[in-house]
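Chemist: The following block contains a protein sequence and its predicted model.
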Amino acid sequence: MREQKIVKPTAESLAASARAASKGGLPPVHQWNPPFCGDLDIHIARDGTWFYLGTPIGRKPLVRLFSTILKREGDNYFLVTPVEKVGITVEDAPFVAVDFQVGGGDTPTLTFETNVGDFVTADAGHPIRVIRDAESGEPAPYVMVRAGLEALIDRKSFYRLVDQGEAAHHNGQDWFGVWSSAQFFPIIPVADLT
């Protein structure tokens, strides 16, 4: 019996498969478990820029298309179609939250927009979290977008977010943080503000 050689996908073949799988919404990548076809030289930088073979991908519709077939498994990231799965490198988070809107009413909401055109409202399923660098104390704020994929909240949006903040008692401690969808998201302990 003759062995069939697996052809490693290219960015072009992945884009074609993604277009075929996308029918107007996000493809159901959580349902797909195709064979692993190796790594592809795609890298997402901390600022949200996508690179292919070391060159920035300048076509926003292509980046958007790739973002819809992105899947996280543990600490690894893959581009997945119904028939192929390739590993890519993500420097920090795969997306960047570039803006947000505050919704009014009795229950305020914070709705973030990402660099790839996703919109997500912070709530119990889409939490905001802030990690502080152990040495510098520099905050790194994130919001969950979908299926384990987070967006790093950019600096200008984080400063605006802090302007929305207030002190609240949370998990036995006083925190400074923000509210969205009746959920409190801590940013920094009040004791650390003094």
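Modeler: Happy to help now that I have it.
Chemist: secondary structure class for the residue nearest in space to the middle of the chain?
Modeler: Taking C-alpha atoms, centre = their mean, the centroid of the chain lies closest to Glu150, which sits 2.9 Å from it. Per DSSP: H, G, I helix; E, B strand; the rest coil, the secondary structure class of Glu150 is strand.
Chemist: Run a quick neighbour tally on the residue nearest to Gly148 when sequence neighbours are not counted.
Modeler: Nearest residue to Gly148, sequence neighbours excluded (C-beta to C-beta, 6 or more residues apart in numbering): Arg72, at 4.2 Å. In this view, the C-beta of every residue, glycine as well, is placed from N, C-alpha and C. When neighbours are counted by other C-beta atoms under 10 Å, Arg72 registers 16.
Chemist: Test my guess that Arg72 contacts Leu149.
Modeler: Yes: using C-beta atoms under 8 Å, Arg72 makes contact with Leu149 at a distance of 5.7 Å.
Chemist: in this protein, what spans have low per-residue confidence?
Modeler: Applying pLDDT under 70 to the chain flags the ranges 1-8, 18-24, 194.
Chemist: list the contacts for Ile44?
Modeler: The contact partners of Ile44, taken as C-beta atoms under 8 Å, 6 or more residues apart in numbering, are 50-51, 77, 88-91, 94.
Chemist: Sheet partners, orientation included, of the helix or strand hosting Gly87?
Modeler: Element membership of Gly87 [criterion: DSSP states H and E] is strand 85-90. The strands beside strand 85-90 in its sheet (DSSP bridges) come out as strand 36-44 (parallel), strand 76-80 (antiparallel).
Chemist: Okay, helices next: where are they in the chain?
Modeler: When secondary structure is read from DSSP state H, the chain shows helices at 11-21, 60-68, 155-163.
Chemist: Present these as JSON lines; the columns should include mean neighbour count and distance to Leu110.
Modeler: What follows is the helices of the chain, written out as JSON lines (neighbours: other C-beta atoms under 10 Å; distance: least, C-beta to C-beta, whole Å):
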{"stretch": "helix 11-21", "mean neighbour count": "17", "distance to Leu110": "30"}
{"stretch": "helix 60-68", "mean neighbour count": "17", "distance to Leu110": "21"}
{"stretch": "helix 155-163", "mean neighbour count": "15", "distance to Leu110": "7"}
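Chemist: still on that earlier bit, joint contacts of Arg72 and Leu149?
Modeler: Joint contacts of Arg72 and Leu149 (C-beta under 8 Å, 6+ apart) are Pro94.
Chemist: quick revisit: between the strands paired with strand 85-90, which gets nearest to Ile188?
Modeler: Each of the strands paired with strand 85-90 has some distance to Ile188 by C-beta to C-beta; the shortest is strand 36-44, at 27.5 Å.
Chemist: Any chance of TSV for the helices of the chain, columns distance to Glu135?
Modeler: What follows is these, written out as TSV (distance: least, C-beta to C-beta, whole Å):
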stretch	distance to Glu135
helix 11-21	37
helix 60-68	32
helix 155-163	19
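Chemist: looking at the ones you listed, which is closest to Glu84?
Modeler: Across the helices of the chain, closest to Glu84 is helix 11-21 (C-beta to C-beta), at 6.7 Å.
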